[in-house]
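Student: sequence isn't available, so here's the structure alone:
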């Protein structure tokens, strides 16, 4: 009798599996249709669910559902970051009035204010620090001179000679009584093993991994990254940009894979906005709300740059960086420069680049001759022929690999930070950019562009067309996967 039941079950299991998969695929597809904002993403997930039985549904349940709800917003900051709270202390005046003498950029300031829900702050000083040769010493000196607090968040923090310098400085600051908090992305931390946070914790330095859990069943955010790079000292000075903490960026130490990037040192009211970003990330990760004078803005007006911190991530409904870039391309009158290590934009951004070029704006795109991800380079190359045909000037910059994320518009607007021009950065990662309005600062950044022109080359339509057919087919095939790359 038992054997007959087992035989019956074995004969029926394919039918049971088929019915189960059908029900699961219908439920998951319904969730995709109701909750995915972008049609291309929805079509891709539905296709995966139906053509990869069980596996597609499982992948969607793990990576396709945005479960992020910032615990920091629920916890709240028990004490304001600024002396009178961030809104009262920083709002001051309307964005349009503050930059009214910058022409069309005043409308961009209004757009970004609406998108980011952050006030534009006046009275900031912004200094370009450059690559690791100059930025790392400045960061280490700042940590060494900290008297009250050190807040550090980064995507990658390697256990290498550069990482060791930072670990030593952070431990020393902690031992002399400075309140130190270190946050490293849960995935980026494993670029070197074991994570550097283990050594920091052993020395008593409060540190944490963002969105990480050894139990994958309790880690529903596995596809999300904290890609921000930010150091805030004593609530007075911030250093931010696109550079991780790793030996490759220290060009003066002759690394095997030299990597160029940019960081800036910031003083003034915008530091409060940057510090608030760290407050929220730390509270979200650890549940600790940072309290006391050590974690407040400690300075006032320091310069004449209008600036705004622009955090972005899957917990934000407004697609802040994406809309800002579209707005910047729409208001550009004369010239645009974009520097990015990875270029896999969505179609709307490609169209905006082409449209700006067609209406007479000089649009320059600076890409590495070769990045550290060859398959992304191939997918990116398939995007270029149409852009070049419509008048976008594509520059290829030789080694060292340029990891900078920078956008300039006309002669007064700068956006520098951690956002790459790809779907992951615009849709999935937690990113941080700094938006600045100032002709003198813009001129210094245009000098950076001139330096890239001096050592780069223009990629022509003829060069792209001359690639062998099999390579162009491979490029195009990889391009189809760009929402997932």
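Tutor: Yep, it's here. These figures come from a predicted structure and were not determined experimentally.

Student: so what secondary structure elements neighbour the helix or strand harbouring residue 58?
Tutor: Element membership of residue 58 [criterion: DSSP states H and E] is helix 55-59. Packing partners of helix 55-59 (3 or more C-beta pairs under 8 Å, 6 or more residues apart in numbering; DSSP states H and E): helix 2-35, helix 39-51. Quick note: C-beta positions are derived from backbone N, CA and C, even for glycine.

Student: how about that helix: buried residues?
Tutor: 56, 57, 59 (16 or more other C-beta atoms under 10 Å).

Student: closest one of those residues to residue 104?
Tutor: Checking the buried residues of helix 55-59 against residue 104 by C-beta to C-beta gives residue 59 as the nearest, at 44.0 Å.

Student: surely residue 431 meets residue 309?
Tutor: No - if you go by C-beta atoms under 8 Å, residue 431 and residue 309 don't touch, sitting 11.3 Å apart.

Student: so for those two, which sits in the more crowded spot?
Tutor: Taking other C-beta atoms under 10 Å, residue 431 and residue 309 do not tie; residue 431 has more neighbours (27 against 24).

Student: so where's the longest strand in this structure?
Tutor: strand 121-130 (DSSP state E).

Student: what sits up against that strand?
Tutor: 90, 92-93, 98, 135, 138, 239, 241, 262-270, 272-273, 300-308, 434, 436, 438, 441, 444-445, 448 (C-beta atoms under 8 Å, 6 or more residues apart in numbering).

Student: show the buried residues in these.
Tutor: 90, 98, 135, 138, 239, 241, 262-270, 272-273, 302-303, 305-308, 434, 436, 438, 441, 445, 448.

Student: quick check: the residue nearest to residue 138 when sequence neighbours are not counted vs residue 108, distance?
Tutor: Using C-beta to C-beta, 6 or more residues apart in numbering and skipping residues adjacent in sequence, the residue nearest residue 138 is residue 129, 5.3 Å away. Plainly put, residue 129 is 25 Å away from residue 108 if you go by C-beta to C-beta, to the nearest Å.

Student: what about these two, which has more around it?
Tutor: residue 108 (27 against 21).

Student: what kind of secondary structure is that one in?
Tutor: Of the three states, residue 108 takes helix according to DSSP: H, G, I helix; E, B strand; the rest coil.

Student: which residue ranges form the strands in the stretch 151-300 of the chain?
Tutor: Assigned by DSSP state E, counting those that start in this stretch, the stretch 151-300 of the chain shows strands spanning 179-185, 207-210, 230-233, 237-241, 259-260, 263-267.

Student: for residue 305, what are its contacts?
Tutor: 124, 125, 126, 268, 436, 437, 438, 441.

Student: could you measure it against residue 407, distance?
Tutor: 16 Å.

Student: so who does residue 45 touch?
Tutor: By C-beta under 8 Å, 6+ apart, the contact set of residue 45 is 32, 36, 56, 60, 64.

Student: just the pLDDT at it, thanks.
Tutor: Note for residue 45: predicted pLDDT of 75.

Student: quickly list what the residue lying closest to residue 446 once chain neighbours are set aside is bridged to.
Tutor: Distances taken as C-beta to C-beta, 6+ apart place residue 408 nearest to residue 446, at 6.4 Å, with adjacent residues excluded. On the basis of DSSP bridges, residue 408 takes part in beta bridges with residue 337, residue 414.
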